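# Take a look and give me a structure for this.
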Amino acid sequence: MKTIYYSAGSPKGLKEDGQIIRAILDGQTAQYRLLVERYQNPVFRVIYKIVNNHEEAGELTQDVFVKAYESLPQYDPRYKFFSWIYRMAINRALLFLRNRKPYVEPEQIPAREREKVTHDGQPFDLVTKSTLVERAVNELDQKYKTVILLKYFAGLSYSEISETLDLPEKTIKSRLFDARMLLKEKLEKNLKYVD
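Predicted coordinates for the structure are as follows:
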């Protein structure tokens, strides 16, 4: 079932995403604001839950809508626009996290921590548990990473994830189970080096 939204600019007051996208591709570029208004809050929320910074989430949300606009000719109308832009938002937020380098002044690290070594004899790069979790999530295959982010970072229910990814709820539950097992394995190896 397609959701129909009210739009003051529409003669009948109703416009579907597909109609708006067709209008944009036909040269009515001002119609893009309808999609921005419709989806900016959910896109911002998912990005914010991943990056945990209001200002960065705002900038990343703008980036996502610019990229989505530029990519509209490649959009496949067989899929929901919301799912498409949601995946784009998650990928943009993950890229941001991957490129963000946490910085700690050397004086802030206790001497005993600086002396720690890993199992292979190399100096241990001081990281927090949350950083290890972020890294482990980012190392997952895309299909597992996406369901983890939607469930635990964006707080979506199984049915919402199912709708967003256009997959059966049973598949979502199975992927989440597999993803949790993979994360557990990755984290058990690394968390033993963190107090």
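# all contacts plus neighbour counts: C-alpha atoms, from now on.
OK.
# pretty sure Ser157 is touching Lys151, no?
Yes - between Ser157 and Lys151 a contact is recorded at 6.5 Å, counting by C-alpha atoms under 8 Å.
# So which of the two has more stuff around it?
More crowded of Ser157 and Lys151, by other C-alpha atoms under 10 Å: Lys151, with 16 against 13.
# how about that one, what does it touch?
Contact partners of Lys151, counting by C-alpha atoms under 8 Å, 6 or more residues apart in numbering, are 157-158, 161.
# Recalculate using a threshold of 6 Å.
Under the criterion of C-alpha atoms under 6 Å, 6 or more residues apart in numbering, the contact list for Lys151 is empty.
# and it, that one's in a helix?
Yes - applying DSSP: H, G, I helix; E, B strand; the rest coil, one finds Lys151 inside a helix.
# From Arg22, how far off is it?
Look at Lys151 and Arg22: by C-alpha to C-alpha, to the nearest Å, they are 32 Å apart.
# now do Leu150
Distance, Leu150 to Arg22, by C-alpha to C-alpha: 29 Å.
# Same check on Glu56?
From Glu56 to Arg22 the distance is 31 Å (C-alpha to C-alpha).
# Residue ranges in the chain under the pLDDT threshold?
Applying pLDDT under 70 to the chain picks out residues 1-14, 101-130, 190-195.
# And the strands in it, which stretches?
Ranges of strands in the chain, per DSSP state E, are 5-6, 14-15.
# Send me the helix ranked longest in the chain as PDB with only the CA atoms.
When the chain is parsed with DSSP state H, its longest helix is helix 169-190. Provided in PDB are the C-alpha atoms of helix 169-190 (Å, rounded to 0.1, in the frame of the first residue of the first chain):
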ATOM      1  CA  GLU A 169      10.100  -9.700   8.900                       C
ATOM      2  CA  LYS A 170      11.400 -13.300   9.200                       C
ATOM      3  CA  THR A 171      14.500 -12.400   7.100                       C
ATOM      4  CA  ILE A 172      15.100  -9.300   9.300                       C
ATOM      5  CA  LYS A 173      15.000 -11.400  12.500                       C
ATOM      6  CA  SER A 174      17.400 -14.000  11.000                       C
ATOM      7  CA  ARG A 175      19.800 -11.300   9.900                       C
ATOM      8  CA  LEU A 176      19.700  -9.600  13.200                       C
ATOM      9  CA  PHE A 177      20.500 -12.900  15.000                       C
ATOM     10  CA  ASP A 178      23.400 -13.600  12.600                       C
ATOM     11  CA  ALA A 179      24.700 -10.000  13.000                       C
ATOM     12  CA  ARG A 180      24.600 -10.300  16.800                       C
ATOM     13  CA  MET A 181      26.600 -13.500  16.700                       C
ATOM     14  CA  LEU A 182      29.200 -11.900  14.400                       C
ATOM     15  CA  LEU A 183      29.400  -8.900  16.600                       C
ATOM     16  CA  LYS A 184      29.800 -11.000  19.700                       C
ATOM     17  CA  GLU A 185      32.700 -12.900  18.100                       C
ATOM     18  CA  LYS A 186      34.400  -9.700  17.000                       C
ATOM     19  CA  LEU A 187      33.900  -8.000  20.400                       C
ATOM     20  CA  GLU A 188      35.000 -10.900  22.500                       C
ATOM     21  CA  LYS A 189      38.400 -10.800  20.800                       C
ATOM     22  CA  ASN A 190      38.900  -7.000  21.400                       C
END
